[in-house]
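[1] sequence first, predicted model second:
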Amino acid sequence: MYTVAALYHFTRFDDPAGLKPPLAKVCCREGVTGTLLLAPEGINGTIAGPRDGIDRVLAHVRALPGCDGLIWKESAASTQPFGRMKVRLKREIVTMGQPQVDPRAGTGHYVEPGDWNALISAPDVAVIDTRNAYETAIGTFRGAVDPATESFRDFPAWWEANRHRFHNKRIAMFCTGGIRCEKSTNFLIGQGVAEVYHLKGGILKYLEGVPESESLWQGECFVFDGRVSVGHGLREGPHLLCHACRRPILPEDREHPEFEQGVACHHCTSETTDADKARFRERQKQINLARARGRRHLGRLDSTV
């Protein structure tokens, strides 16, 4: 069994590039895989590995400048959900493309998972899912508004076009682990929204702590690792990943005539060219050859946060 840790922390890193080598070194030394993003605004990522290895990496992260208050969420995976370790430098740890947005200056009101149901059931509250369309397609909270965005970068434009729908409403927002809501609630405050709330710890914390019998969550939660989705109690969900378009699919979706392993699914078969499909087939061939030799093909597209 592998421990999976999802983490983020907004803090000021004056030299993210200088933090990268020692962070990558401790992850590799401890047999930890996954993706960690470093930017001037902080750190974000999901990692997996043995219990002791995860503990040592988390201790290293907590020792980074301003990260002593790091909070993370843990779950378990029956197999290693990442093929390798990647530490990357980015402009933002979650890309919104709004330079004026700074969660360190203030965010919406945090709502504990145990208090979330009462809030989103109130008639004067509008619930907004800040995740992308491929995530919301497999699960969301009952009654939530789905912006159907392709990227988090699209959210500000969606809000501008739809803000009239939420006049005199309190806004409750949620995402997978909480990081997108740190930015989206700060953004809405800057837009003059009087009351903004967000689910503390995100969907993952809600599914971990709220009994299924009391839950307002419907479906599964997309996660950015090899498990693809999780449900109540953070149990591994049934979804697989189309490695052509990165969308979640169900096992029965493999029976669609459009499905070809590593090349296309019924979602994306019309979105790629014949040249794309030829390239994907060659990639899948290399993956199959590596598997036959008992190795993991590292050239495949790994999930990122």
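    Noted; the coordinates are in hand. This one's a predicted model, so the numbers in the text were calculated from it and none came from an experiment.
[2] looking at it, Gly262 is touching Arg283, isn't it?
    Yes: in this structure Gly262 lies within contact range of Arg283 using Cβ atoms under 8 Å: 6.4 Å. (Glycine included, C-beta is placed from N, CA and C.)
[3] residues touching the nearest residue to Gly66 once chain neighbours are set aside, list them.
    Leaving aside its chain neighbours, Gly66 sits nearest to Thr11 (3.2 Å; criterion: Cβ to Cβ, 6 or more residues apart in numbering). Thr11 makes contacts with Glu41, Gly42, Ile43, Leu64, Pro65, Gly66, Cys67, Arg104, as judged by Cβ atoms under 8 Å, 6 or more residues apart in numbering.
[4] ok, Thr11 to Ile54 distance?
    21 Å (Cβ to Cβ, to the nearest Å).
[5] and what of Gln98?
    For Gln98, the distance to Ile54 (Cβ to Cβ) stands at 32 Å.
[6] what about those two, which has more around it?
    Ile54 (23 against 16; other Cβ atoms under 10 Å).
[7] so the more buried one sits in a strand?
    No: assessed with DSSP: H, G, I helix; E, B strand; the rest coil, Ile54 is helix; it does not lie in a strand.
[8] that one touches Ala6, doesn't it?
    No: counting by Cβ under 8 Å, Ala6 is not a contact partner of Ile54; they are 11.2 Å apart.
[9] buried residues, the lengthiest helix in the chain. List them.
    Ordering each helix of the chain by length in residues (DSSP state H) puts helix 274-292 first. Neighbour counts over helix 274-292 (16 or more other Cβ atoms under 10 Å) mark Lys277, Phe280, Arg283, Gln284, Ile287 as buried.
[10] can you give me the offset of that helix from its chain's centre?
    26 Å (Cα atoms, centre = their mean, to the nearest Å).
[11] got it, and stretch 192-204?
    Using Cα atoms, centre = their mean, the offset of stretch 192-204 from its chain centre is 16 Å.
[12] same question for it: list its buried residues.
    Result for stretch 192-204 [16+ other Cβ under 10 Å]: buried residues Val193, Val196, Tyr197, His198, Leu199, Lys200, Gly201, Gly202, Ile203, Leu204.
[13] gap between the second one and Ser184?
    Computed as Cβ to Cβ, the Val196 to Ser184 distance reads 9 Å.
[14] touching both of those two, which residues are there?
    The contact sets of Val196 and Ser184 overlap at Met173 (Cβ under 8 Å, 6+ apart).
[15] next, the contact list for the nearest residue to Pro50 once chain neighbours are set aside, please.
    Excluding the flanking residues, the one nearest Pro50 by Cβ to Cβ, 6+ apart is Gly31, at 5.9 Å. Listed by Cβ under 8 Å, 6+ apart, the contact set of Gly31 reads Gly49, Pro50, Gly53.
[16] which one of these is nearest Ala77?
    Among those, Gly49 lies closest to Ala77 (Cβ to Cβ), at 10.1 Å.
[17] next, count neighbours for that closest one.
    Quick note: Gly49 (other Cβ under 10 Å) scores 23 neighbours.
[18] check Ala118 too.
    So Ala118, with other Cβ under 10 Å, has 10 neighbours.
[19] can you check Glu74 too?
    The burial count for Glu74: 15, using other Cβ under 10 Å.
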